[in-house]
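S.K.: could you look at this predicted model? Sequence included:
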Amino acid sequence: MALFSQLGNYKNFGLLVMRAGLGVMMIIHGLPKLTGGPDKWLALGNEMGNLHIHFFPVFWGFMCAVTETVGGLFCILGLWFRLVSLLMVINFIVAALSQYLTGGIKDASHAIELGFVFFGLLFLGAGVYSVDKS
């Protein structure tokens with residue numbers, strides 16, 4: 001279709017839009033977890049029990065909150081983008097498993113979808129409009 005034939009020239013702009021949108025949403029979701037303190041981190045970290053990891057739950061919960069909040073900022077900036085994408089994939093695997101076990105596929109679908117988005121972005125990279133410019 002002629003109307004959309006030139007959009008391929010703006011792939012890097014598309015990546016910037018995706019990074020910015022996803023990054024802002026990750027910050028919005030992660031900031032309450034990060035500021036929730038040790039009680040919130042403990043609840044988040046206990047989800048690692050679904051993977052039979054029962055040690056240091058407060059640490060795992062804190063890492064989840066940092067990944068979403070600081071990772072969201074780094075996503076926007078394109079800083080260490082592939083590392084952030086990998087950490088987000090791991091985060092969403094744990095979230096999807098937890099949500100699947102408590103509510104089924106319908107509850108886990110959002111985490112699964114975002115896991116696939118970040119998995120794809122892991123291969124694409126940040127594009128040229130990033131701090132890393134890789």
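M.R.: Alright, I've got the coordinates.

S.K.: can you count the residues close to the nearest residue to Leu87 once chain neighbours are set aside?
M.R.: What sits nearest to Leu87 in space, not counting adjacent residues and going by C-beta to C-beta, 6 or more residues apart in numbering, is Thr67, at 4.8 Å. Any C-beta I mention is one placed from the backbone N, CA and C, and that applies to glycine too. For Thr67, the neighbour count with other C-beta atoms under 10 Å is 21.

S.K.: next: Leu31.
M.R.: By other C-beta under 10 Å, neighbour count at Leu31 equals 14.

S.K.: in space, what's closest to it - neighbours in sequence excluded?
M.R.: Here the residue nearest Leu31, using C-beta to C-beta, 6+ apart, is Thr69, at 5.3 Å.

S.K.: next up, identify which helix or strand the one you found is on.
M.R.: helix 57-77 (DSSP states H and E).

S.K.: helices or strands next to that helix in the packing?
M.R.: helix 11-35, helix 37-45, helix 81-103 (3 or more C-beta pairs under 8 Å, 6 or more residues apart in numbering; DSSP states H and E).
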